[in-house]
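J.: coords please:
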Amino acid sequence: MLGPRQRRLVERLETYEGKQGYGSLECGDERCALGVAVRLAMEEGVNLNTCKLNGHTYFNTFKSYLPQSVAAYFGFYSWSGSNSTEETSVLLLNDSKRLTFKEIAAELRSGRFFKEVK
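T.: Predicted structure coming up:
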């Protein structure tokens with residue numbers, strides 16, 4: 001079962017029209033799935049410091065992983081968006097398996113990537 005924040009994240013991934021990126025939360029006009037989560041959390045009031053360096057956007061000094069405040073906001077098990085058994089993560093689904101945002105959203109709908117309903 002997903003909570004309202006988690007449902008909004010899944011819906012954002014299902015409908016996101018920007019370019020999908022790999023290896024970085026955000027680089028230029030590309031975002032990975034976790035980058036989409038970071039930007040949604042910021043839209044919803046999570047305060048993060050950002051800076052750009054060599055085209056990459058850093059969020060609270062993180063370039064490739066979720067800041068702790070974002071992981072907690074959505075109820076993820078970890079900064080990589082790992083699932084309950086740690087056999088996979090949102091990071092791996094995006095960067096290694098190259099799943100689309102819609103495919104990642106389908107995986108998140110299972111609820112196994114969240115330790116608590118948020």
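J.: For the residue most central in space within the chain, give me its contacts.
T.: The chain has L34 as the residue nearest its centroid, 2.0 Å off, counting by C-alpha atoms, centre = their mean. The neighbours of L34, taking C-beta atoms under 8 Å, 6 or more residues apart in numbering as the test, are L25, Y65, L66, S80, G81, V90, L91, N94. Where C-beta positions appear, they are placed from N, C-alpha and C, glycine not excepted.
J.: then the strand or helix carrying the last one to PDB, C-alphas only?
T.: If you go by DSSP states H and E, N94 is part of helix 90-95. The C-alpha coordinates for helix 90-95 follow below in PDB (Å, rounded to 0.1, in the frame of the first residue of the first chain):
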ATOM      1  CA  VAL A  90      15.700   2.500  -7.900                       C
ATOM      2  CA  LEU A  91      19.300   3.500  -8.700                       C
ATOM      3  CA  LEU A  92      20.100   0.100 -10.200                       C
ATOM      4  CA  LEU A  93      16.800   0.000 -12.100                       C
ATOM      5  CA  ASN A  94      17.500   3.300 -13.700                       C
ATOM      6  CA  ASP A  95      21.300   3.200 -14.200                       C
END
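J.: Lovely, talk soon.
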